[in-house]
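Q: I would like to see how this sequence folds:
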Amino acid sequence: MQIEQQLIAALQPLQAQHLQVINESAGHGGYFPGKESHFKVVLVSDKFAGLRLVQRHQMIYAAAADLVAPAKIHALAIHAYTPEEWQGQAPDSPQCAHAPKSTG
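A: Numbers count the residues shown, from 1 in each chain. Below is the predicted model:
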């Protein structure tokens with residue numbers, strides 16, 4: 001199973017009303033086709049109600065603990081919302097300073 005699918009499965013206990021797992025590895029240094037190292041998670045759940053942002057991130061990191069390791073996920077951008085906070089779109093990720101340079 002690919003890391004992306006493993007991450008989706010690991011986040012299921014958070015009972016997301018909306019879940020996006022986006023592989024952003026291609027925008028980072030050392031990328032090669034099929035690499036899975038950098039991900040963005042957008043998760044909307046009632047389980048975040050009353051929690052500070054850091055507590056929400058801790059819940060996601062705890063759920064994905066087995067995957068956040070040097071040989072697996074190197075970086076995980078997290079956007080965690082309650083249904084009341086969710087506006088339908090998460091912010092774009094910043095450009096990586098070590099992103100592959102386009103030739104052209």
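Q: so where is this structure shaky, pLDDT-wise?
A: 1, 26-35, 94-104 (pLDDT under 70).
Q: Swap in 50 and give it another go.
A: 101, 103-104 (pLDDT under 50).
Q: Strands of that one, start to end?
A: 18-23, 38-44, 75-81 (DSSP state E).
Q: Return the list of strands paired to the second one, each annotated with direction.
A: Next to strand 38-44 in the sheet, as set by DSSP bridges, lie strand 18-23 (antiparallel), strand 75-81 (parallel).
Q: what's the most buried one of those?
A: Here the criterion is mean neighbour count by mean count of other C-beta atoms under 10 Å, and of the strands paired with strand 38-44 the winner is strand 75-81, at a mean of 18. In this view, the C-beta of every residue, glycine as well, is placed from N, C-alpha and C.
Q: export that strand as CSV, just CAs?
A: Listed next in CSV are the C-alpha coordinates belonging to strand 75-81 (Å, rounded to 0.1, in the frame of the first residue of the first chain):
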residue,chain,number,x,y,z
ALA,A,75,7.1,16.7,6.1
LEU,A,76,3.4,16.9,7.0
ALA,A,77,1.5,20.2,6.5
ILE,A,78,-1.7,20.1,8.6
HIS,A,79,-4.8,22.2,8.2
ALA,A,80,-7.3,21.1,10.9
TYR,A,81,-10.8,22.6,11.2
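Q: if we look at it, which residues are touching it?
A: By C-beta atoms under 8 Å, 6 or more residues apart in numbering, the surrounding residues in contact with strand 75-81 are 24, 28, 37-45, 48, 53, 56-57, 59-61, 64, 68, 90-91, 93.
Q: Make a ChimeraX selection of whichever of the residues you listed turn out to be buried.
A: Those of the contacts of strand 75-81 that count as buried under 16 or more other C-beta atoms under 10 Å are selected in ChimeraX with:
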select :24,28,37,38,39,40,41,42,43,44,45,48,56,57,59,60,64,68,90
